[in-house]
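Asker: predicted structure and sequence below. I'll ask about it afterward.
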Amino acid sequence: MASRRSALASQNEISGSEPLRELFEACRNGDLARVRKVVTTQNVIARDTAGRKSSPLHFAAGFGRRDVVEHLLNLGAVVGARDDGGLIPLHNACSFGHAEVVSLLLKHGADPNARDNWNYTPLHEAASKSKFDVCIVLLQNGADHSIRNTDGKTALDLADAYARSVLTGKALQVENTRRRSCLRRPGQAVRTAC
């Protein structure tokens, strides 16, 4: 577990050429004007060479910089880019409770069930830190609350008692909504995707 935590914590390390260092710092600080000045369609997929090989999108998502995230995505940033720990930018946004960024990443195709090197999903990240609003967004967008990490724990197992009750209720509500949408309605064919 310690190595997993250090993978998340090393987001402050930045290395590389001066323009890349400037890009990563601007993403971390939410300086959209500076990002616009230094980002290109080539360096939007650059990696932090001193840390865990995070992309500019990892930095912007982890620090909750919604406008920067949107700009990077519009320039071609890879929403599913993995760092050395296997985390995608969605893991970072969930870990730090940035619900608006989570919604934006999901809208751009981020996988709500992506697993890092320890089998943690974005829901594990949010639940373990009691980020309820993020958990709800994830569950409403297809997050699977039954996935187990390498320790055999689900996201609900990692949540504290209060968080477990909130998340269990929300997971059941989302599941019931899915089931109701699968029921045959008069005059409609049965949906086979259920």
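Answerer: Now that the structure is in, tell me what you want to look at. Residues are numbered from 1 along each chain as shown.
Asker: for Val134, give me its contacts.
Answerer: Residues near Val134 by C-beta atoms under 8 Å, 6 or more residues apart in numbering: Ala93, Cys94, Gly97, His98, Ala99, Val102, Pro122, Ala126. C-betas here are computed from N, CA, C, even on glycine.
Asker: again, only using 7 Å
Answerer: Cys94, Gly97, Ala99, Val102, Ala126 (C-beta atoms under 7 Å, 6 or more residues apart in numbering).
Asker: output the lowest mean pLDDT helix or strand found in this structure.
Answerer: helix 2-9 (a mean of 49; mean pLDDT, DSSP states H and E).
Asker: that one: what's the following helix or strand?
Answerer: helix 18-29 (DSSP states H and E).
Asker: does the residue nearest the centre of the chain fall in a helix, a strand, or a coil region?
Answerer: Computing the C-alpha centroid of the chain and ranking residues by C-alpha atoms, centre = their mean puts Leu90 first, at 1.3 Å. Three-state call for Leu90 (DSSP: H, G, I helix; E, B strand; the rest coil): helix.
Asker: likewise Gly169?
Answerer: Gly169, by the three-state scheme (three-state DSSP), is helix.
Asker: all strands for the chain, in order.
Answerer: In the chain, no strands are defined using DSSP state E.
Asker: any idea how far Asn92 lies from Ala110?
Answerer: 11 Å (C-beta to C-beta, to the nearest Å).
Asker: tell me which of those two has more neighbours.
Answerer: Neighbour count, other C-beta atoms under 10 Å: between Asn92 and Ala110, Asn92 has more, with 27 against 24.
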